[in-house]
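[1] here's my sequence, what's the structure:
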Amino acid sequence: MPRVKLSSLTKIRSDAIQRVLAFGSLVIMIIFFSIASENFLTIANVNGILLATTVNGVLALGATFVIITGGIDLSVGTMMTVSAVATGIIITNWELPIWLGIIVGILTGTAGGALNGWLIARLKIPPFIATLGTLYIAKGLALVASGLKPIYFNDTPRFNEIAMGSIIPVLEIPNIVLIFFFVSFLAHLLLTKTTFGRYTFALGSNEEAARLSGVNVDKWKIWVYVFGGATAGLAGVLISARLNSAQPSLGMGYELEAIAAVVIGGTSLRGGEGKIIGTVIGALVISTLTNGLRVLSVPQEWQTVVTGTIVVLAVYLDIVRRKREAVSSARQTSGEK
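    As a prediction, this is how the structure comes out:
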């Protein structure tokens, strides 16, 4: 019994170490950029960092669930775009109520997630291929539906206030930031306190074992992608409200930043492990790094290089962590024998 407990504690420490490293990196970056530039810690710039975190962060919340199952979703960026366009069509083109546009936008992303789940769970198409296909489908639909032109919300200023207004004017924190942290809290509860969350981990840890224990694997896998699509739909509504327009060409590349935030936050690409708090930290790391490099006038291309390097390092640390866990588990097993 003591050995089993030791193995569990080792795994817990291993998971926690990667999140601590991510948080430590965030703190170090804040200190470095604050020293390097007096403009970094201004209220305006901090708000800029938080704003940059929100949309990518919401996408990353859904991606966390998908990656915990051992899957991947490359379509979230363009699903966000087509959801934004759907919102614009309802509110601007058809002049219907804002609340209806928000619902349609979220449902559009949800439908895209359901399609992904059906292709992967029912047709057994590998997640990478299935979501790569729906990435281009969503991109094409966004361009067709918008007529290749942005859709503006100039006649509905209240829509922009959903994102850029502030219910706490004293702190000058935009609503979109509060929405992101609130949705993050709900996602944390969903992952840690519900049957849905338990089955999400079960699918990623050992899908066949979950199937043999009576779990309807295909059903729950579809629901995981549905949730990922819903967060993409919400991100589409938020980014269109923030920009006061639905840009049909926007979205490509967002899926990579979302995945990067998840990986940096300690969620394993092999599945079975992950925390929402880690994803939030990962999203903050990316936006803080990008903002800090911009403040220091580092060229855009080098910002991309640095971000890519950090993602590779995060994946490498995950591989090292997995190997150490395997060695520890093997030693425990041999010791018991």
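
[2] residues in contact with stretch 233-242?
    For stretch 233-242, the external contacting residues (Cβ atoms under 8 Å, 6 or more residues apart in numbering) are 51, 54-55, 58-59, 76, 79-88, 101-102, 105-110, 112, 153, 159-160, 162-164, 176, 179-180, 183, 246, 250, 254. Heads up, the C-betas are built off the backbone N, CA and C, glycines and all.

[3] of those, which belong to strands?
    residue 246 (DSSP state E).

[4] from the contacts of stretch 233-242, list the buried ones, please.
    Buried subset of the contacts of stretch 233-242 (neighbour count, 16 or more other Cβ atoms under 10 Å): 51, 54-55, 58-59, 76, 79-88, 101-102, 105-106, 108-110, 112, 153, 159-160, 162-163, 176, 179-180, 183, 246, 250, 254.

[5] among those, which lie within helices?
    51, 54-55, 58-59, 76, 79-88, 101-102, 105-106, 108-110, 112, 159-160, 162-163, 176, 179-180, 183, 254 (DSSP state H).

[6] run through the helices of the stretch 201-337 of the chain in chain order.
    With DSSP state H, counting those that start in this stretch, the ranges of helices along the stretch 201-337 of the chain come out as 207-212, 217-243, 254-264, 276-295, 300-336.

[7] those: which one's closest to residue 27?
    helix 276-295 (9.9 Å; Cβ to Cβ).

[8] compute the inter-axis angle for that closest one and helix 254-264.
    Inter-element angle recorded for helix 276-295 and helix 254-264: 120 degrees (by axes from the mean of the first three to the mean of the last three Cα atoms, to 10 degrees).

[9] pLDDT on helix 276-295, on average?
    Across helix 276-295, the average pLDDT comes to 95.

[10] could you list the buried residues of it?
    276, 278-293, 295.

[11] give the burial count for residue 190, as a bare number.
    Burial measure for residue 190: 16 neighbouring residues, criterion other Cβ atoms under 10 Å.

[12] what does the one 4 residues further on give?
    In terms of burial, residue 194 registers 11 neighbours under the definition other Cβ under 10 Å.

[13] likewise the one 4 residues further on?
    As a burial measure, the neighbour count of residue 198 was computed by other Cβ under 10 Å and equals 15.

[14] just the element for it, please.
    Assigned by DSSP states H and E, residue 198 falls within helix 195-205.

[15] same list, the helices of the stretch 201-337 of the chain, but as JSON lines with distance to residue 22 please.
    As requested, the helices of the stretch 201-337 of the chain are exported to JSON lines (distance: least, Cβ to Cβ, whole Å):
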{"stretch": "helix 207-212", "distance to residue 22": "27"}
{"stretch": "helix 217-243", "distance to residue 22": "21"}
{"stretch": "helix 254-264", "distance to residue 22": "6"}
{"stretch": "helix 276-295", "distance to residue 22": "5"}
{"stretch": "helix 300-336", "distance to residue 22": "8"}
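
[16] worst mean pLDDT among those?
    Ranked by mean pLDDT, these end with helix 300-336 at the bottom, a mean of 79.

[17] just the buried residues of that helix, please?
    Buried residues in helix 300-336, counted by 16+ other Cβ under 10 Å: 303, 307, 310, 311, 314, 317, 318, 321, 325.

[18] one more: stretch 156-173?
    In stretch 156-173, counting by 16+ other Cβ under 10 Å, buried: 156, 159, 160, 162, 163, 166, 173.

[19] now pLDDT too, for these, in a markdown table please.
    A markdown table is the format used below for those (pLDDT from 0 to 100):
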| residue | pLDDT |
| --- | --- |
| 156 | 94 |
| 159 | 97 |
| 160 | 96 |
| 162 | 95 |
| 163 | 96 |
| 166 | 90 |
| 173 | 89 |
